[in-house]
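# what follows is a predicted protein model with its sequence.
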Amino acid sequence: DPEYLNYVEKRCEGPVKNREVYKKPIRISAEQRLLLDMLRHAVLDISYTQKPENINWKLFFVLAQKQEIAAMLYPCVKNTDCPTELLIRWKQVADMALRKEILFDAERKAIFAEFEKEKIKYLPLKGIIIKDFYPHRGMRQFADNDILFDGERRLDVQRIMEARKYDVAFEVAHDVYTRA
């Protein structure tokens with residue numbers, strides 16, 4: 001598509017060296033195509049009513065897990081012919097994502113209250129912010145809370161986090177607080 005090549009050239013600020021690469025059709029599997037279709041439905045909060053055929057549901061689940069979107073796709077998958085034993089596992093993943101979000105929200109609220117009490121400047125980052133743009137809670141799977149804080153108050157933050165039973169690891173660009 002010449003229009004696409006023009007777009008690529010503008011974005012790359014120069015001519016595309018091997019135009020032939022962009023002329024080849026991209027081949028994706030039925031599972032990848034289904035993943036994209038369900039992802040569109042999930043993000044746009046559109047009910048999924050199709051019954052996909054010839055899908056390797058185990059492979060589809062692995063793809064969704066690898067992309068960390070299994071919880072997001074569960075509302076779509078539950079309306080399909082996905083095998084029951086896999087659907088049970090899928091629901092567990094979705095339930096765990098929702099539970100994790102609720103726990104992370106509560107913990108983050110408590111941490112922010114401590115920061116505010118101590119007048120420590122902070123800014124929530126990344127997943128904490130974008131999760132609210134998804135149509136439903138629990139759709140975004142995440143594993144941490146990214147928080148930027150006033151570096152001059154590093155020792156105060158460490159004291160607060162250790163009091164909340166976090167372990168600290170100091171790294172080059174950031175501090176990492178973990179709790180078992």
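Alright, I've got the coordinates. Source: prediction; values computed, not measured.

# only C-alpha atoms from now on, for both contacts and neighbour counts.
Noted.

# the nearest residue to K165 once chain neighbours are set aside: how many residues sit nearby?
Using Cα to Cα, 6 or more residues apart in numbering and skipping the chain neighbours, the partner closest in space to K165 is R179 (6.6 Å). Applying other Cα atoms under 10 Å, we find 10 other residues in the vicinity of R179.

# residue ranges of the strands in the protein, please?
Taking DSSP state E, the strands of the chain run over residues 122-125, 146-149, 167-170, 175-178.

# so how far is G151 from the residue nearest to K165?
To G151, R179 is 21 Å away according to Cα to Cα, to the nearest Å.

# pLDDT of the longest helix belonging to the chain, averaged?
If you go by DSSP state H, the chain has its longest helix at helix 84-117. What helix 84-117 shows for mean pLDDT is 94.

# ok so, going back, residues in contact with the residue nearest to K165?
Listed by Cα atoms under 8 Å, 6 or more residues apart in numbering, the contact partners of R179 are 165-167.

# all helices of this protein, in order?
Under the criterion DSSP H, the chain contains helices at 2-12, 19-23, 30-43, 57-66, 70-77, 84-117, 127-130, 154-163.

# out of the ones you listed, which is closest to Q141?
Shortest separation from Q141 across the helices of the chain is recorded for helix 84-117, at 5.6 Å, computed as Cα to Cα.

# relative to helix 154-163, how tilted is that closest one?
Orientation check (axes from the mean of the first three to the mean of the last three Cα atoms, to 10 degrees): helix 84-117 against helix 154-163 gives 130 degrees.

# show me what counts as buried in helix 84-117.
Counting neighbours by 16 or more other Cα atoms under 10 Å, one finds that the buried residues in helix 84-117 are 87, 90-91, 93-95, 97-98, 100-101, 104, 108, 111-112, 115.

# name the helices or strands packed onto the longest helix of the chain?
In terms of contacts (3 or more Cα pairs under 8 Å, 6 or more residues apart in numbering; DSSP states H and E), helix 84-117 is packed against helix 57-66, helix 70-77, helix 154-163.

# same thing but at 7 Å, please
helix 70-77 (3 or more Cα pairs under 7 Å, 6 or more residues apart in numbering; DSSP states H and E).

# so which other helices or strands are in contact with the helix it packs on?
Counting by 3+ Cα pairs under 7 Å, 6+ apart, helix 70-77 packs on helix 30-43, helix 84-117.

# redo that, cut-off 10 Å
Other elements packing on helix 70-77 under the criterion 3 or more Cα pairs under 10 Å, 6 or more residues apart in numbering; DSSP states H and E are helix 30-43, helix 57-66, helix 84-117.
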